[in-house]
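Engineer: fold the following and give me the result.
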Amino acid sequence: MKKHKLLLLSLIFLVIFSSTAYAESSTLFLNNIIDDAIENSITLKSLSNKVKSLEKSKSDAEEASKDAAQRLDTNEALKDLLKNYSSLSPAEKMQVTMLIRMHIIMTIDDKLQFTKIKELSVPNADYAILQNKNNMEIAKNSSILSISQQFNTILNMQDSIKLQNNNIKILEDRLNTAKIQYDNGLISNKDYKTLESSLKKSKLELLKMQNNMNSLVITLNQAINKPLLTKYDEFSDSGMTPYLDIKSLDEYINTALTYRSEIICNQKYYDIKKREYEITYEVYPSDLNDNTQQAKYDMEDAQNKLEQSKEDIKIEITTLYKDIEKNIQDINNYQKKYDAAKYDNEIAKKKYSFGLISRLDVENSNLNLLQAQIQLNQAKRTLYINELKLNFACGIGPAA
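Structural biologist: So this is what the prediction gives:
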C-alpha cells in the first residue's frame, strides 16, 4: 500500500512539474552555460567590487607614503640644523625654534613607524589588490568547475534514466511472455507475480530517478540564472572530451609552483615582511631588540608559509596526477568491455536473423551494449573533470 501511495505522489509531482515548466531549446550543452554561471557568481561580483574599492584606496596609501617621506626628510633636516645650532645667527636660531615647535623631533620608535609607512604602504596595498584579483580568477575557475560537475551529474542521471527505461521495456516484454505462459499453465502464479513485482519496483525506481533529475535541473537553472522550472529535452556531453595524453608529473608540479595564487601571494607577502625586517634592523640593529625579534619572526613565518604552500601543492598535484592515470586505465578497460559488448551484439543480431535466438535475447544484448557505452562515456567525462581540476590547479587555482 505504501508503495502505491508513493507511486501516486510521484506521478502527481510529475504532472504538476510538467504543467508549470518553461520550454527551452531541445538540447543543452555545457559550453553554452559556462558564461551564464560565471556572470551569476555572487562571489565573483563581491570580489570585483572589493578590488575596485582597494584600487581606490591605493591612492590613500600613496599619499600616506609621501607624507611619511616628507616627515622623515623634515626630521633629518631639523636634526642637522640642531647639530650646527651654536654657529647659527640669532635670526636662524629663531627660525629653527619655530620649526621645532611646528615639527616635534621624532623618537626612534616614531622613525621606525614612519619609515614603515613610507616604504610599505604601497606594497601592502598592491598585495591586497593582487590577492583579491587572484581570488577573482579563482572564483571564475571555481564557477566553471562547479557548473561542469553539476552538468556531469545530470548527464550521469540522464544515462541512468535511459538505462532504466530500456530495462523496463525488457521487463515488460518478459512479463507479456510470462502472462501467456501463465495462462497456459507453463509457469506458476508465484513466478508470474515475481516478474510483475520486479516491473513495479523498476518503474518506482525510474520515478525516483526522474524526481532526482528534476531537482538537479532546478539547481542548475539557479546557477545559470534561468527560471527554476525550465526544462530541457536532452543534455549533451559534446565538448566534454578528455585529452587522454598527459605530460610528466614534474612538468605539472613546476607549472603549478610558478602560477598558483598561493605561491605568488605568499612570495609577495614574504618580500614585504623581509623588507619590514630590514627596515626594523636599520633602526634597531640588534636581534635582541623586541621590535627586531618580532619583525624577524614575522619574516620567518611568512617564509614558512611560502615553503609549506609549495609542499602542499606538490602533494595536491601528485594526487590529481595519480587520479588521472587511474582514469585513463579505467577508460582503457571500459573500451575493451564496450568492444566486446559490441561484438557480442553484432553476433546476437545475426543469430536472431537466422532464428537461432529470441527477440528478448537481442534486447538483453542491446541493454548490455548500452550499459557498456554509458560506462565508457562516464569514465571519459570523469577524466574530463579531473583534467579540468588539474589545469586549474596548475594555473592560478583553485586547489583541487
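Engineer: for the stretch 151-300 of the chain, just list every one of the strands.
Structural biologist: 234-236 (DSSP state E, counting those that start in this stretch).
Engineer: my bad, should have said the stretch 1-150 of the chain
Structural biologist: For the stretch 1-150 of the chain, the strands defined by DSSP E, counting those that start in this stretch cover 27-29.
Engineer: show me the shaky parts of it.
Structural biologist: Filtered on pLDDT under 70, the stretch 1-150 of the chain yields the residue ranges 1-25, 100-104.
Engineer: could you redo the last one with a cut-off of 90?
Structural biologist: Across the stretch 1-150 of the chain, the ranges flagged by pLDDT under 90 are 1-26, 40-41, 71, 73-107.
Engineer: how far away is the closest residue in space to Gln267 that isn't next to it in sequence from Tyr269?
Structural biologist: Nearest residue to Gln267, sequence neighbours excluded (Cβ to Cβ, 6 or more residues apart in numbering): Leu306, at 6.0 Å. All C-beta spots, glycine's among them, are computed from the backbone N, C-alpha and C. Using Cβ to Cβ, to the nearest Å, one gets 8 Å for the distance from Leu306 to Tyr269.
Engineer: those two - which one has more neighbours?
Structural biologist: Taking neighbours as other Cβ atoms under 10 Å, Leu306 and Tyr269 compare with Tyr269 leading, 21 against 18.
Engineer: wait, doesn't the more buried one sit right on Ala302?
Structural biologist: Yes - applying Cβ atoms under 8 Å, one finds Tyr269 in contact with Ala302, separated by 5.3 Å.
Engineer: hmm, back to that, so what's the residue nearest to Gln267 up against?
Structural biologist: 263, 266-267, 269-270 (Cβ atoms under 8 Å, 6 or more residues apart in numbering).
Engineer: show me where the stretch 51-200 of the chain has its helices.
Structural biologist: Taking DSSP state H, counting those that start in this stretch as the criterion, the stretch 51-200 of the chain contains helices spanning 90-102, 108-183, 189-223.
Engineer: run a quick neighbour tally on the nearest residue to Thr153 once chain neighbours are set aside.
Structural biologist: With Cβ to Cβ, 6+ apart as the criterion, Thr153 has its nearest non-adjacent residue at 6.1 Å, and that residue is Leu216. Neighbours of Leu216 under the rule other Cβ under 10 Å: 18.
Engineer: what sits against Leu216?
Structural biologist: 150, 153-154, 157.
Engineer: of the contacts of Leu306, which belong to helices?
Structural biologist: 263, 266-267, 269-270 (DSSP state H).
Engineer: ok, Asp80 - how many residues close by?
Structural biologist: Count around Asp80 with other Cβ under 10 Å applied: 9.
Engineer: do you know how far it is from Ala341?
Structural biologist: From Asp80 to Ala341 the distance is 91 Å (Cβ to Cβ).
Engineer: okay, now Val217: neighbour count?
Structural biologist: So Val217, with other Cβ under 10 Å, has 24 neighbours.
Engineer: next one: it from Ile154, what distance?
Structural biologist: For Val217 relative to Ile154 (Cβ to Cβ), the value is 7 Å.
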